[in-house]
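Novice: what follows is a predicted structure for the sequence shown.
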Amino acid sequence: SNNNINHLKQLFMVSIYDFRERLCVRQKITCSLLCIGLDPKVEKMPAHIRTKLDKPDDGLQLALDVANWMIAIVDSTHMYACMYKPQKAHWEALGKYGQHALQLVIDHIKKNYPEIPIFLDCKRGDIDATQEMYRIAHFDIDGAEGMNFSPYMGKSCMKALVDKNYPGRALVGLCYTSNPDAREVQDPIMADGRPYWQFIAERTLAWAEELDVVENAGLVMAAAYEYPKVSGIVYSDHLRKCREIVGDKMWFLNPGVGTQGGFIKETIAAGFVGYGSIAINNSSEIIFASNGTDFAEAAQMKARGSYDQMALAV
């Protein structure tokens with residue numbers, strides 16, 4: 001059928017593209033900027049998903065239950081997603097089978113929705129020898145196609161993640177994050193009058209250019225949010241200023257919408273410079289939309305709501 005032919009063409013197209021090009025293609029086809037975070041919490045798992053509650057369990061069945069839960073979320077939301085973002089710590093906290101559970105979910109996405117990029121939220125940042133191990137762990141073992149990192153220990157945090165055999169992987173540096181405590185360490189003014197986060201944006205771009213990975217490099221930039229000192233005022237100047245610093249050379253991963261209260265319209269107005277330039281993450285609001293038997297349908301409705309807001313704002 002024509003639908004099958006078009007799907008095959010899409011798979012062919014994305015298979016030859018780098019991460020950002022794949023993201024761009026996915027966003028153009030779906031008109032979606034929605035990145036869905038897969039951050040499971042056992043205490044929020046729908047009760048009917050849990051099995052063998054009255055029997056001893058070494059953790060394997062729990063991990064399988066979580067995997068099945070997240071796979072159902074993926075199946076119900078894939079039509080609205082431009083990217084999926086598992087958060088590594090949530091899977092590690094499941095115990096010795098957490099890695100297996102994560103692998104099941106990633107494998108499911110790759111098999112059934114190979115056109116959707118998979119980005120691992122792990123925020124690693126260490127000396128080069130250790131960072132190389134993180135590269136192997138998250139790309140080669142986890143199977144992620146992109147990951148974020150902390151730049152605090154310098155250029156080696158990015159350099160050691162680069163594998164010349166796989167130049168299309170996405171490397172995204174923490175820059176202006178959405179947690180309120182970040183302002184204490186990211187906003188101090190340097191001697192040249194700039195806040196520290198702007199220096200980080202500049203340096204991360206410079207590293208990416210030096211390492212010849214700028215095509216897929218990005219920055220974690222918080223979504224627009226209500227200005228803490230003046231209720232009702234939405235703050236998005238950080239996104240505009242970062243665009244002045246990096247232009248359209250880098251893409252933004254925007255956390256902070258959904259349960260964190262970030263603003264979609266203002267985020268897009270300040271940071272969007274074409275498909276492939278931003279991905280706006282929503283995690284808890286979608287995956288925890290319900291803990292009843294309707295959890296998948298509720299997640300789909302929340303994803304559709306975010307999708308509609310983003311599509312209208314582009």
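Specialist: Perfect, I can see it now. Model, not experiment: these values are computed from the prediction. Numbering: from 1, shown residues only.

Novice: so how far is K265 from M70?
Specialist: 29 Å (C-beta to C-beta, to the nearest Å). C-beta here means a position set from N, CA and C on the backbone, and glycine is covered the same way.

Novice: ditto for D121
Specialist: From D121 to K265 the distance is 24 Å (C-beta to C-beta).

Novice: count the neighbours of E184 for me.
Specialist: Per other C-beta atoms under 10 Å, the neighbour tally for E184 reads 8.

Novice: kindly report the same for the one 4 residues further on.
Specialist: For P188, the neighbour count with other C-beta under 10 Å is 11.

Novice: contacts only, for it.
Specialist: Residues in contact with P188 (C-beta atoms under 8 Å, 6 or more residues apart in numbering) are P195, Y196.

Novice: CA atoms only for the helix or strand hosting M158 - export them in CSV, please.
Specialist: Element membership of M158, judged by DSSP states H and E, is helix 156-159. Extracted as CSV, the C-alpha positions of helix 156-159 are listed here (Å, rounded to 0.1, in the frame of the first residue of the first chain):
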residue,chain,number,x,y,z
SER,A,156,37.4,16.2,27.9
CYS,A,157,33.8,15.7,29.2
MET,A,158,32.7,16.1,25.6
LYS,A,159,35.8,14.9,23.8
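
Novice: which other helices and strands contact that helix?
Specialist: helix 128-135, strand 170-176, helix 196-210 (3 or more C-beta pairs under 8 Å, 6 or more residues apart in numbering; DSSP states H and E).

Novice: who touches the longest one?
Specialist: Think helix 196-210. So helix 196-210 is in contact with 151, 155, 158-159, 171, 173-176, 185-190, 214, 217, 219, 238, 241-242, 245-246, 249-250, going by C-beta under 8 Å, 6+ apart.

Novice: show the buried residues in these.
Specialist: Among the contacts of helix 196-210, those classed as buried by 16 or more other C-beta atoms under 10 Å are 151, 155, 158-159, 171, 173-176, 186, 214, 217, 219, 238, 241-242, 245-246, 250.

Novice: which residues in the protein form helices?
Specialist: 2-15, 19-30, 60-77, 88-92, 98-112, 128-135, 156-159, 182-186, 196-210, 237-246, 264-271, 284-287, 295-313 (DSSP state H).

Novice: can you name every helix or strand that the longest one contacts?
Specialist: Here helix 295-313 touches strand 34-38, helix 60-77, helix 264-271, strand 278-282, helix 284-287, going by 3+ C-beta pairs under 8 Å, 6+ apart.

Novice: mind listing what V273 touches?
Specialist: Contacts of V273 by C-beta under 8 Å, 6+ apart are R243, G247, D248.

Novice: distance of the second one from V214?
Specialist: The spacing between G247 and V214, counted by C-beta to C-beta, is 11 Å.

Novice: now swap in the first one and tell me
Specialist: Shown here: R243 relative to V214, a distance of 15 Å by C-beta to C-beta.
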